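# Sequence plus the predicted model coming up.
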Amino acid sequence: MKQGIFVISENEHLTPAVMKMKLLGDASAITAPGQFINIKLDGMFLRRPISVYDADAESVTIIYKIVGQGTEKMSRMNAGEKLDILTGLGNGYDMSLSGDAPLLIGGGVGVPPLYMLAKKLIAQGKKVSVILGFNTKDEIFCEEEFKALGAEVSVATADGSYGIKGFVTDAMKDGYTYFYTCGPEPMLKAIYKTSSTSGQFSFEERMGCGFGACMGCSCKTVTGYKRICKDGPVLEKEEILWKK
């Protein structure tokens, strides 16, 4: 984990409710896809945890949805403004388990952390397939970006206005060697039941500190309690105990 001041270089709409922000600064602490950053906002008590879309040593890009006061405040920020950010949080995805043909499944704002993962897996020569799930056509983002990486992309919409009608599980086909996923818990549960291989799930949880001190985001696993912010947000399929 590293704390630093980042300068906004761009902050633009991808959809009416989804924004893409690029930040310039020391991002060397981000070492694995699936990690997140924690942003301090003036007037807000708690930092805002946001997953990393892409990063290099000198910049980090995030994609976030405007859902509350914090993200609404972020959406109004302009290029040149500065933010105090904790980087390199969370464990991220383990790419060593992917096999030759990994499947990446994202739902809504669970899509962004899969981009950097796809980028790195394709660079390793893996045949990457991606399923993106949204409620309707107007909410879709990043389809072309994944295609530009060289991934095979399928899109599912709940209302059938684009791509496959239904949920991401309706687009899952046999042939993948391993899977990685991020999205709302009902989607993750459905993938857990539908999937035919092992895989990794990235969980979203309310966080206090973001680095394991407050224990506020603890969840029970088969090996005991784990903190989503520090021991996660990525958990392997075999260790998950679903809440009833």
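All right, it came through fine.
# and the residue of the chain most remote from its centre, what is it in contact with?
Relative to the average C-alpha location in the chain, and by Cα atoms, centre = their mean, no residue lies farther out than Gly43, which sits at 26.0 Å. If you count contacts by Cβ atoms under 8 Å, 6 or more residues apart in numbering, Gly43 has them with Lys73. Just so you know, the C-beta spots here come from the backbone N, C-alpha and C atoms, and that holds for glycine as well.
# what secondary structure does it sit in?
Using DSSP: H, G, I helix; E, B strand; the rest coil, the three-state assignment for Gly43 comes out as coil.
# how close does it get to Ala123?
To Ala123, Gly43 is 41 Å away according to Cβ to Cβ, to the nearest Å.
# what are the C-alpha coordinates of stretch 9-23, in PDB please?
What follows is stretch 9-23, C-alpha atoms only, in PDB (Å, rounded to 0.1, in the frame of the first residue of the first chain):
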ATOM      1  CA  SER A   9      -5.900  14.200 -16.400                       C
ATOM      2  CA  GLU A  10      -9.400  13.200 -17.700                       C
ATOM      3  CA  ASN A  11     -12.800  12.500 -16.200                       C
ATOM      4  CA  GLU A  12     -15.400  11.700 -18.800                       C
ATOM      5  CA  HIS A  13     -18.800  10.000 -19.200                       C
ATOM      6  CA  LEU A  14     -19.000   6.500 -20.700                       C
ATOM      7  CA  THR A  15     -22.700   6.300 -20.100                       C
ATOM      8  CA  PRO A  16     -25.000   8.800 -18.300                       C
ATOM      9  CA  ALA A  17     -24.200   7.200 -14.900                       C
ATOM     10  CA  VAL A  18     -20.700   5.700 -15.500                       C
ATOM     11  CA  MET A  19     -17.500   7.800 -15.600                       C
ATOM     12  CA  LYS A  20     -13.900   7.100 -16.600                       C
ATOM     13  CA  MET A  21     -11.200   8.900 -14.700                       C
ATOM     14  CA  LYS A  22      -7.400   8.900 -15.400                       C
ATOM     15  CA  LEU A  23      -5.100   9.900 -12.600                       C
END
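# And the residue farthest from the centre of the chain, how far from Lys82?
Using Cβ to Cβ, we find Gly43 at a distance of 15 Å from Lys82.
# in stretch 59-75, what counts as buried?
With burial defined by 16 or more other Cβ atoms under 10 Å, the residues of stretch 59-75 counted as buried are Ser59, Val60, Thr61, Ile62, Ile63, Tyr64, Lys65, Ile66, Gly70, Thr71, Met74, Ser75.
# ok, so of those residues, who is nearest Met116?
Met116 lies nearest to Thr61 out of the buried residues of stretch 59-75, by Cβ to Cβ, at 8.9 Å.
# can you tell me which of the buried residues of stretch 59-75 are in helices?
Here DSSP state H is the test, and those give Gly70, Thr71, Met74, Ser75 as lying in helices.
# could I get those residues as TSV with distance to Gly90 and pLDDT?
As requested, those are exported to TSV (distance: Cβ to Cβ, whole Å; pLDDT from 0 to 100):
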residue	distance to Gly90	pLDDT
Gly70	19	94
Thr71	19	95
Met74	20	97
Ser75	24	98
